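1. The sequence isn't on hand, but the structure is:
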């Protein structure tokens, strides 16, 4: 049931950058940098600027040479967070990520068996 604080909570959640996916992060950063993301020209200008110097707009894009090989089972350290809450308990998001990784490894092993 929605209460009188629902709109405030929704606004807070929608503006929390940790809830953004890749596309929303990309568009929101372009807007924050002053590009008009509502027009094709503004979007094109943002894409061009972002591609010319990605490090200028936040975390640099990792060098593909240092990324793990497809199907190696290793996780790139640049994308893996080792921080935990002070209680040491895993969050629901951490548990979901661990479950997805386990499922991925299982599927990779199954695929490798099939190829043999």
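-> Perfect, I can see it now. Keep in mind it's a predicted model, so treat the numbers as computed, not measured.

2. only C-alpha atoms for contact and neighbour calcs from this point on.
-> Will do.

3. which helices and strands does the longest helix that the chain contains pack with?
-> Ordering each helix of the chain by length in residues (DSSP state H) puts helix 92-115 first. For helix 92-115, the contact count by 3 or more Cα pairs under 8 Å, 6 or more residues apart in numbering; DSSP states H and E identifies no helix or strand as a packing neighbour.

4. residues in contact with the one helix or strand residue 8 maps to?
-> Per DSSP states H and E: residue 8 is located in helix 6-15. Counting contacts by Cα atoms under 8 Å, 6 or more residues apart in numbering, the residues outside helix 6-15 that touch it are residue 19.

5. moving C-terminal of that helix, what's the next helix or strand?
-> Stepping forward along the backbone from helix 6-15, the first helix or strand reached (DSSP H and E) is helix 22-32.

6. shaky segments in the chain?
-> By pLDDT under 70, the low-scoring segments of the chain are 1, 58-90.

7. Could you rerun that using 50?
-> Counting by pLDDT under 50, the chain contains low-confidence ranges at 76-87.
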